[in-house]
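Asker: Here is my input; please provide its structure:
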Amino acid sequence: MAFDNKKPFDNKKGGFKKKFDNNRPKRQPREEEVKVWTPKTQLGRDVLAGKYSNMRDVILSGQSILEGEIIQHLIPDLSSEFVNLGQAKGKFGGGKRKSSKATQKITREGSRMSFAMLNLIGNKDGIVGLVMEKLVKLFLVEKNH
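Answerer: Numbering: from 1, shown residues only. Below you'll find the model as predicted:
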């Protein structure tokens with residue numbers, strides 16, 4: 001046989017050589033960067049200074065919350081969850097629930113798709129927020145006559 005002088009294949013790897021050596025040094029994990037919040041609005045500066053101690057006082061002040069860090073500073077243990085609004089088409093009439101609801105409108109220019117999503121945010125201790133977002137995409141369709 002022509003293969004007698006070659007060393008036998010390694011059965012564990014299927015006959016392939018190792019591509020990388022396991023003895024090389026491991027990559028160091030990245031250190032988490034601690035971001036320092038610098039407020040841009042007067043309400044943010046007041047919250048950071050300690051003028052407002054809870055979210056109720058901020059809402060009763062009547063000012064608009066324009067920085068997300070204000071909420072993160074006052075309520076650090078927030079969690080969020082998407083609500084299933086839409087349904088994907090499935091076989092035999094059943095469908096899978098999805099977190100996005102797609103709506104299609106046919107216009108002269110083409111198909112106009114819009115998507116809607118609903119997100120619930122809260123700390124599981126009496127504070128609940130509701131976020132509704134919509135996105136519109138336009139797909140152009142060519143007609144061949």
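Asker: For the rest of this, base every contact and every neighbour count on C-alpha atoms.
Answerer: Noted.
Asker: For the protein, give me the ranges with low pLDDT.
Answerer: 1-22, 92-94, 138-145 (pLDDT under 70).
Asker: Tell me which stretches of it form helices.
Answerer: Applying DSSP state H to the chain gives helices spanning 42-49, 55-60, 68-74.
Asker: nearest to G90, of these?
Answerer: helix 68-74 (38.6 Å; Cα to Cα).
Asker: how about the closest residue to G86 other than its chain neighbours, what does it touch?
Answerer: Nearest residue to G86, sequence neighbours excluded (Cα to Cα, 6 or more residues apart in numbering): K101, at 4.0 Å. By Cα atoms under 8 Å, 6 or more residues apart in numbering, the contact set of K101 is 85-87, 115-117.
Asker: how much space between K101 and N84?
Answerer: 8 Å (Cα to Cα, to the nearest Å).
Asker: go on, A116?
Answerer: To N84, A116 is 10 Å away according to Cα to Cα.
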